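Trainee: Got a sequence here, can you build the structure:
(3 chains)
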Amino acid sequence: MGHYILRRFFTSIAALFIATIAVFMVLRILPGDAVLSILADTPHSVQMREALRNELGLDKPAYVQYLTWLGRIFDGSFGGRSFETGGQIGELIAAQLPVTLLVSGYSIILSCIWALPTGFIAGYKPGKLRDKFLNVFSLIGLSVPNIFAASIVLVGLLKIFRWSPPIIYSTPNENLAEHLYMAIWPVLILSLEYGSHLLRTVRAAVGETLKTQYIRGAKARGINPVSLLLRHAMPPVASITFSVAAAHFSALIGGAIVLEAVFGLPGVGRGLVQAAIARDFPVIQSYSVLLVGAFLLIQMAVDVLQRFLDPRQRTAETVFSR
Amino acid sequence: MSYHCLNKISFRYVKPAFFVLLFLLTTALSSVYPQTPVYGGVLTLANRGDPPAGFDSMRTSSIALHHVGGAIFGPGNLVMRCRENSYDVCPYLATYWTANREFTEWTFAIRTDVYWHDGVKFTAEDVKFWFDLVFFGAEGGGNKRAPAYFSKELGNIEKIELLEHNRIRLVFKQRNPYFPEILANPRFKIAHPKHLMQPAIDEGNVSVSPLDVGLIGVGPFSLSQYRKGSLIRVVRNDSYFEVDDSARQLPYLDRIDYVIMPDPFAMDIAFRTGRLDGGARGQGHYLSAERIEGYQRDLGSDVYFAKTDGGNFRLAFNLLRDGPWQDSRVRRAIALWIDKPAAITSALGGFGWTTPDLGPPDLPVLRYFINWPKFDREPLDTRRDKALALMEEAGYADGFTMDHLVRGLNPVTGEFLKAQLAGLGIDLNLRIVDEGEWNRARVSLDYDSQQGRLTPSPIPEGTLSVYGRYSENPDAYAKHEDAKIDQLYFDLSNATSIEQRIRLWREIEKYLFYDMTYIVPIAESVYVVPYRSYVKGLAVPVEDAHTHTDFATVWLD
Amino acid sequence: MKQILRRFIRRPRGRRPVITAASLLAAVVLFFSIAGIITRYDPLEQDIDNRLQPPSSTHIFGTDGFGRDVFSRVVYGGRITLYIALSAVIVACVVGIPLGTYMAYAGGFPDLLIGRLIDSLLGFPLIVLAIIVVVALQASPVSVAIAITAIFVPRIATLTRSAAQLTNRETYIQAAVVTGAKPSRIIFRHLIPNSAGPPISQAVGYIGGAITTESTLSYLGLGVPPPYPSWGRMLQEGTRLYFESAPWLVIFPGITLCLVVVCFSLLAERLKKVTLSADRGAS
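Mentor: Residues are numbered from 1 along each chain as shown, chains lettered A, B, ... in the order given. Below is the predicted model of the structure:
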């Protein structure tokens, strides 16, 4: 086990490095000039442009830029300064990451609360009206695009209640009520999608477990299969929940992007989109490190956990179903 | 000799002006000014985004910065646009200024009662530091800092001298008779405290930005809190030097909360449910006619709309690229064909000015330059018949293909043009690009046509950079090498009276927009910003929404 | 593969939903393909005098801010979106399935190396990767398709890899190895056909995801550039400018988008059930 963890850890680090180099190269090799993006609105001379290029270090050879950025990852600023805002990237992340984590966390928790029991119920009695209804419901839930749902929610709140969510973000410490009033709406929308995935996977897992010989045997002998089901379906369902969580963690962050903009949450998603549009290389690179690193970490943790829980050794990769 | 009085004569921005707005402004102002201002309160405004470039006004002109920058750094630098009449130049950090006979030396006397937000006194040394940064950039620790993007616009500087009695002198290599006019651009803000930035530069950190040193300015409000992506909170500067007409100290407000809302839809919803006192400025956030309906439905008379003259929507040709548009008849045909009022409703949000239907009535000749050409005023049908005849005459009755550079941020105008030109058989190939490519492309010769960027030049002499020859002015709207334009501008620079200047400017207009039709001015947009009715004392500029974002005269009732 | 198709058609209980889903899908694809015939107006033709008209007998879905017919724009927008989504997913399969099969077959170091590379790609939120690619390549239908392909290649490769790993242990594969069959023959003749089931059924679901991603990109202004219609951009314009004065500009594209994605998800669901049971049947 320890061996396995160590091996995963090192390969993950290697993958992380490769990812950063890949991102770096994609940004540098493909067409487009960051300096032009920064100076977009202003008339400027060629000298000005070159001076800015020099100032930002963009005239140095690629490997120098990469190493400089890499060095800055470890010196506390996590990649240096943003081209666009001029602020320290580390500070940006420190401000934005908690928001995204909180919203993702709430979404996962809320999804588990509503989707796990419903998935169980649906899987227990497949084919019944309840199951069919939940099937259709979850299908719609994961098909509705976030952008559409966000508009509907806001317009609905405006028209029906003449109310809108708060516009200034507060951390839970500052003002818990305002924080929740603001966060609940994107969380609802995200958990609709995420929970639908969860519901369907749990339903499938429960359905499968039902068909095993063990449960059938218990049914034949007249033992109430529910308690047995709970005992036997639990481990695979638990491992599935974790796998789905890992697999969709990145989808959650991505899904949160548009919602962050509309609902005014200053999170990582919005920061990354802005950086991409503004060709803010250091920010894109540093955020990529963060996201990929987080994903690899989560995947590793989930795999280790699964090996621990379910000795049948199903890896996260096999459960990439939606 | 003192040219102080000369400076009081107003010189217009070279864009269409409209007297009706002035009338509205005076009515609005007269309805609020008689009231007594009340101290206190929090003004909640929306802001289009996080200010870029670390709030460095030498690096960016973005409204996301300047909406906030006005409060922190003040409405101007040594000079500002007067609040009562945004076409006049008023003193701000300078008390008075003089020039020598040739207009190559300008001397400014700096106020002695100004303090930075951290308590340090503001002196002429700060002014010299700022001008040095603007014109020459800086060097430190082996690194170089680029000069400000607007350095060339201010003039060809030779040196900056610090004089005694808190005065400063700028020496230019050439005549610069309108320097205070140009300097009074609200985008040129002093956000660079010497006592904080000089040490950083000396250490080698040449790209030190105002954000790095804590956003210390001299404006009516000082920074209290900045949460990126969310909120910029500024509080009253208790040692602010400006006073109102009754010698009451400004500002009246206790605090301004700028809420960062990049999504206009979210801003609308927030405003209509009472969470905002004022809207954001910036393309995309300015209200359209349809959105205003919603505001009025929800808020009725509890909301008013500040209207400011905005950017000009135009079509400019690249005559240095082979194509049918090199024939002036083709360009004339296009100018005649376009249904300009339709542009206002569909592409400019429903607010704007154009000919032939709308347009500013004649203004007293002595006061304003009118650059809204009163050409092409016949009815649309007549114009279109003429256009078709011209195309036929030029041999392009079957049309042709022409590409068109469109800025990705706002492609609506491109869509409008494409559909319009289709009527002439012209297939307008829209090339939509992002900011970086637009910045490169608009100064290149790679595109057949484009719309050009906004230029808030206050005087016609300053428009040479957008109407002149390409080899001297790469950022010109229309790419041409017509030497006659040079001649016309040269004559203009030698004009000795206002009447002469106006007359010469009219000649340039006619040549550019009618005789040669290098550029087709289509419509002037009007920017609309909503405010709750209890927001009083707002200085609404007639033109250029970057102006008067200090909110020092605003109070809540 | 043939086995799967046979099961697909023959399976009695699951037949009805599959046919419903498949025929619905076929109807959708057909509908959008014959766009030219069913629409009366050019989606780009502007009629500013008649802008913002509510749905009527002349314009079934009403007109937009430029007076363009919304129905035509929804249909043509769907066409472009579908083309992009379909081609992106197909290319992703063409690249991903052999890749995943090779990884399962080769095992060892190549598997580890490529596997970790894929892992790092998986770590990117779909939309972020798409945004980076589109921004770098300038928005156009091609760059959007490339971005979406890049998103799904690793996912399909991973799926194929696990399916291929299972197939790899089959006796007939080992028999082929023992009899000295060339690796390429083993891969292309045996492994791929028998491992392709799960990833392909998943890929059909990915088409729905591709459509959603393309719409989100358009919503952010990074998708197919104007004036060509796109659901995402129509949603953005409609919400921002006209949600109250002209709600039909938001409702029709939005509902169409949802319906189409639901269709694809439904079909993928049915396909998965069939292939899973077929697999089990085979072993």
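Trainee: wait, A:Ala276 sits on A:Ser288?
Mentor: No - shown here, A:Ala276 and A:Ser288 do not form a contact pair, counting by C-beta atoms under 8 Å, at 10.3 Å. For every residue, glycine as well, the C-beta is placed using N, CA and C.
Trainee: Would you mind naming what in the stretch 1-150 of chain A lies close to chain C?
Mentor: Proximity of the stretch 1-150 of chain A to chain C, by C-beta under 8 Å from any C-beta of the partner chain, involves residues A:11-12, A:14-16, A:18-19, A:22-23, A:26-27, A:30-32, A:139-140, A:142-148.
Trainee: give me the element C:Ala85 is part of.
Mentor: Using DSSP states H and E, C:Ala85 sits within helix C:70-106.
Trainee: Quick one: mean pLDDT for the next helix or strand after that helix?
Mentor: Past helix C:70-106, further along toward the C-terminus, the next helix or strand under DSSP H and E is helix C:108-122. Across helix C:108-122, pLDDT averages out at 74.
Trainee: Who are the packing partners of helix C:108-122?
Mentor: helix A:2-29, helix A:281-309, helix C:70-106, helix C:141-168 (3 or more C-beta pairs under 8 Å, 6 or more residues apart in numbering or on different chains; DSSP states H and E).
Trainee: how far off helix C:141-168 does the longest one point, in degrees?
Mentor: For helix C:70-106 against helix C:141-168, the angle between stretch directions is 40 degrees (axes from the mean of the first three to the mean of the last three C-alpha atoms, to 10 degrees).
Trainee: can you check the first one too?
Mentor: Put simply, helix A:2-29 runs at 160 degrees to helix C:141-168, going by the same axes, to 10 degrees.
Trainee: List the buried residues in helix A:2-29.
Mentor: Neighbour counts over helix A:2-29 (16 or more other C-beta atoms under 10 Å in any protein chain shown) mark A:Arg8, A:Thr11, A:Ser12, A:Ala15, A:Leu16, A:Ile18, A:Ala19, A:Thr20, A:Val23, A:Phe24, A:Val26, A:Leu27 as buried.
Trainee: Next one: the first one, what pLDDT does it get?
Mentor: pLDDT, the model's per-residue confidence, is 75 for A:Arg8.
Trainee: What residues does it make contact with?
Mentor: Neighbour list for A:Arg8: A:Met300, A:Asp303, A:Val304 [criterion: C-beta atoms under 8 Å, 6 or more residues apart in numbering or on different chains].
Trainee: Ok, the fifth one next?
Mentor: Residues near A:Leu16 by C-beta under 8 Å, 6+ apart: A:Val289, A:Val292, A:Gly293, A:Leu296, C:Ser120.
Trainee: okay, these in TSV with neighbour count next?
Mentor: Shown next, in TSV, are those (neighbours: other C-beta atoms under 10 Å in any protein chain shown):
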residue	neighbour count
A:Val289	21
A:Val292	25
A:Gly293	18
A:Leu296	23
C:Ser120	25
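Trainee: wait, which of those residues is closest to chain B?
Mentor: Comparing the contacts of A:Leu16 against chain B with C-beta to the nearest C-beta places A:Val289 closest, at 19.4 Å.
Trainee: closest to C:Lys273 among the contacts of A:Arg8?
Mentor: A:Asp303 (26.9 Å; C-beta to C-beta).
Trainee: And the closest one, how far from B:Ile110?
Mentor: For A:Asp303, the distance to B:Ile110 (C-beta to C-beta, to the nearest Å) stands at 68 Å.
Trainee: Do the helix holding C:Ala85 and chain B come into contact?
Mentor: No - Helix C:70-106 is not in contact with chain B by C-beta under 8 Å from any C-beta; minimum separation 12.0 Å.
Trainee: which parts of the stretch 201-322 of chain A sit against chain B?
Mentor: The stretch 201-322 of chain A has residues A:Ala261, A:Val262, A:Phe263, A:Gly264, A:Pro266, A:Gly267, A:Arg270, A:Gly271, A:Gln274, A:Ile277, A:Ala278, A:Arg279 near chain B, with proximity defined as C-beta under 8 Å from any C-beta.
Trainee: mind giving me TSV with those and columns for secondary structure, pLDDT and distance to B:Phe351?
Mentor: Putting those into TSV (DSSP: H, G, I helix; E, B strand; the rest coil; pLDDT from 0 to 100; distance: C-beta to C-beta, whole Å) gives the following:
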residue	secondary structure	pLDDT	distance to B:Phe351
A:Ala261	helix	79	26
A:Val262	helix	83	25
A:Phe263	helix	89	29
A:Gly264	coil	85	27
A:Pro266	coil	88	32
A:Gly267	coil	86	35
A:Arg270	helix	77	30
A:Gly271	helix	79	33
A:Gln274	helix	76	29
A:Ile277	helix	71	28
A:Ala278	coil	72	29
A:Arg279	coil	72	33
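Trainee: could I get those residues as TSV with distance to B:Val520?
Mentor: Output for these, formatted as TSV (distance: C-beta to C-beta, whole Å):
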residue	distance to B:Val520
A:Ala261	36
A:Val262	37
A:Phe263	42
A:Gly264	40
A:Pro266	43
A:Gly267	44
A:Arg270	39
A:Gly271	41
A:Gln274	35
A:Ile277	30
A:Ala278	32
A:Arg279	32
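Trainee: And the residues you listed, which two are furthest apart?
Mentor: Spatial extent of those (C-beta to C-beta) is set by the pair A:Phe263 and A:Arg279 at 26.0 Å.
Trainee: which of those two has more neighbours?
Mentor: A:Phe263 (27 against 24; other C-beta atoms under 10 Å in any protein chain shown).
Trainee: Please give me every residue in contact with the more buried one.
Mentor: A:Ala150, A:Pro165, A:Met182, A:Trp185, A:Pro186, B:Ala266 are the contacts of A:Phe263 under C-beta under 8 Å, 6+ apart.
Trainee: Skipping adjacent residues, who's closest to the first one in space?
Mentor: In space, and not counting its chain neighbours, A:Ala150 is closest to A:Val262: 4.7 Å by C-beta to C-beta, 6 or more residues apart in numbering or on different chains.
Trainee: who's in contact with the one you found?
Mentor: A:Ala150, A:Ser151, A:Leu154, B:Asp263, B:Phe265, B:Ala266.
Trainee: sec struct for the last one, please.
Mentor: For B:Ala266, the reduced secondary structure class is helix; criterion used: DSSP: H, G, I helix; E, B strand; the rest coil.
Trainee: Would you agree it is in contact with A:Gly264?
Mentor: Yes - applying C-beta under 8 Å, one finds B:Ala266 in contact with A:Gly264, separated by 6.2 Å.
Trainee: Any buried residues in stretch B:413-428, and which?
Mentor: For stretch B:413-428, the neighbour count (16+ other C-beta under 10 Å) marks B:413-422, B:424, B:426, B:428 as buried.
Trainee: okay, now residue 57: neighbour count?
Mentor: Chain wasn't specified; assuming chain A. A:Gly57 has 16 nearby residues by other C-beta under 10 Å.
Trainee: that's the other chain; I wanted chain B
Mentor: For B:Ser57, the neighbour count with other C-beta under 10 Å is 26.
Trainee: repeat for C:Cys263
Mentor: By other C-beta under 10 Å, neighbour count at C:Cys263 equals 23.
Trainee: Against which helices or strands is the helix or strand harbouring C:Pro193 packed?
Mentor: Here C:Pro193 sits within helix C:192-195, counting by DSSP H and E. Helix C:192-195 is packed against helix C:70-106, helix C:141-168, with contacts defined by 3+ C-beta pairs under 8 Å, 6+ apart.
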